[in-house]
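**Q** need coordinates for the following:
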Amino acid sequence: MSALSPDDVRRVNDRLLSAGQLLRKMPLDVRAAGVARVAAQLRAHGRAAKAGQPDAAVELVAASAGLSVPMTAWAIETTAARYEERGLLALAEPLFARPDVLPVGASLVAVVLAGNVFSVALRAIALPLLVGSPVLVKASSRDPAFADVLVRTFGAVAPELLPAVGVVTYGGGDDALDAALVSRAEVVSVYGGRHAVEAFRTKAPGTARVVAHGHGMSFGLVTHDAFEGELEPICAALALDVAAYDGRGCLSPHAILVPREGRVSPEELARALARHGLEPIGRTLPRGPLVESAQAQQTQWRSVAVARGFLHEGDDFSISVEPSIRLSPGYRNIALVPYGTIADAMSLLASFAIFAKAIGITSAPGFVPAPLVSQLPTGCAPRFVRAGTMQDPPLDALDDGLPALEGLVRYVEIRL
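**A** Below is the predicted model:
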């Protein structure tokens, strides 16, 4: 990695501020079409790799992210599928439809990416561009490849948007570079833990809006009526949630709450989840290599699981049955936690719910999760979604309880 100086970052800022003037003059549909072309090209990369064809972009991202090529191809294709032109316009048009105010995209959005889920870079770049804001991204030094692929893809299929995109990469904790990164930003969007968010809140200009995308955790919930249907589809859906991104993201379940009594016992469900879920998905979407630290965490987690209850181990996964929630190290290690009533399940989640991003529901058709929110502590706003879709949120999904485009525009009153 070449040395990067604060002056280098400031020069990128100056270029993007200038490009933003042209970007905001582009019609919304032109910006949406450009983003959609980029997404379509990314999907083509994903489909090619999924079909077994060599694809340099997917292989580069896989090596950088520490995922298998099939898992990376799935993630790229699934993520990019959300960014169709019609959906982008539906997301942004309401902002531009108010007769009394004129929405103006931020003069510059500075984005700080975390290194656990590579595909979030597409959202971080696409949404500011959609509303007319140039964007400067600090890619994680642990996983910079996808941001670079995005820049190349914009250059190839949406060159009109490329001048409004900048990417820099450097290690964390460099105060001078961080200060330069946010020095001209009107919006600072931070993906990361509480300490990272607070650090950039301190470094951002006093006039900047700081939008926090904090770390969190997610959980699964199997309802009592879920087993009225076939077991195999249930296991396939649960397994996809556990396996996606090798269980390393905020939307990866740390535990799955399951009925203590019912047609299928927790131990039987663990064996079925292995046989019909995680074993098959391990062949189609293999787990990536374990780094040494992850190997140690996995070994410790499994040892504690044996002491606490039941453990079923596979070649690249493990499933435990434990009496209470214990956070998973990821990498397809998942605990099933038995509960009595739905109220009991919510009590089990209560101490973690303030950090919860999503809860994947496995139930019979017609189950309405909305009343469950009232059983969680005040301030908790996880998304309740169907199992099997936890790691594939829609384009307009709330982000930490906020609308997708929150903070990216300011409104200027129209005086008649």
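**Q** how about the residue nearest the centre of the chain: what's its closest non-neighbour residue?
**A** Centroid-nearest residue in the chain: residue 120, 5.3 Å away (criterion: C-alpha atoms, centre = their mean). Counting by C-beta to C-beta, 6 or more residues apart in numbering, residue 120 lies nearest to residue 191, which is 6.2 Å off, once chain neighbours are set aside. Using the backbone N, CA and C atoms, a C-beta is placed for each residue, glycine as well.
**Q** any idea of the pLDDT on residue 1?
**A** Residue 1 is assigned a pLDDT of 44 by the prediction.
**Q** picking that back up, residues in contact with the residue nearest to residue 120?
**A** Going by C-beta atoms under 8 Å, 6 or more residues apart in numbering, residue 191 touches 111, 112, 113, 114, 120, 124, 213.
**Q** got the contact list for the residue nearest to the centre of the chain?
**A** The contact partners of residue 120, by C-beta under 8 Å, 6+ apart, come to 113, 114, 191.
**Q** cool, and residue 333?
**A** When contacts are counted by C-beta under 8 Å, 6+ apart, residue 333 touches 247, 298, 301, 302, 317, 318, 320.
**Q** so which of these are in strands?
**A** 318, 320 (DSSP state E).
**Q** adding pLDDT, write the contacts of residue 333 out as TSV.
**A** Output for the contacts of residue 333, formatted as TSV (pLDDT from 0 to 100):
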residue	pLDDT
247	95
298	96
301	96
302	97
317	97
318	97
320	97
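**Q** can you tell me which of the contacts of residue 333 lies nearest to residue 270?
**A** Checking the contacts of residue 333 against residue 270 with C-beta to C-beta, the nearest one is residue 320 at 7.6 Å.
**Q** thinking again about what came up before, now, the contacts of residue 120 that are in strands?
**A** residue 191.
**Q** lowest-confidence one in the contacts of residue 120?
**A** The lowest pLDDT within those belongs to residue 114, with 86.
**Q** my read is that that residue contacts residue 192, right?
**A** Yes - counting by C-beta atoms under 8 Å, residue 114 touches residue 192, with 4.6 Å between them.
**Q** could you tell me which residues touch both of these two?
**A** residue 215.
**Q** tell me the secondary structure for the closest residue to residue 151 other than its chain neighbours?
**A** Of all residues not flanking residue 151 in the chain, residue 167 sits nearest, at 5.5 Å (C-beta to C-beta, 6+ apart). Put simply, residue 167 is strand when judged by DSSP: H, G, I helix; E, B strand; the rest coil.
**Q** gap between residue 167 and residue 351?
**A** Separation of residue 167 from residue 351 (C-beta to C-beta, to the nearest Å): 38 Å.
**Q** same check, this time on residue 83
**A** Distance from residue 83 to residue 351, by C-beta to C-beta: 36 Å.
**Q** more neighbours, those two?
**A** In this view residue 83 and residue 351 are compared by other C-beta atoms under 10 Å, and residue 83 has more residues nearby, 24 against 11.
**Q** I am finished for the moment; much appreciated.
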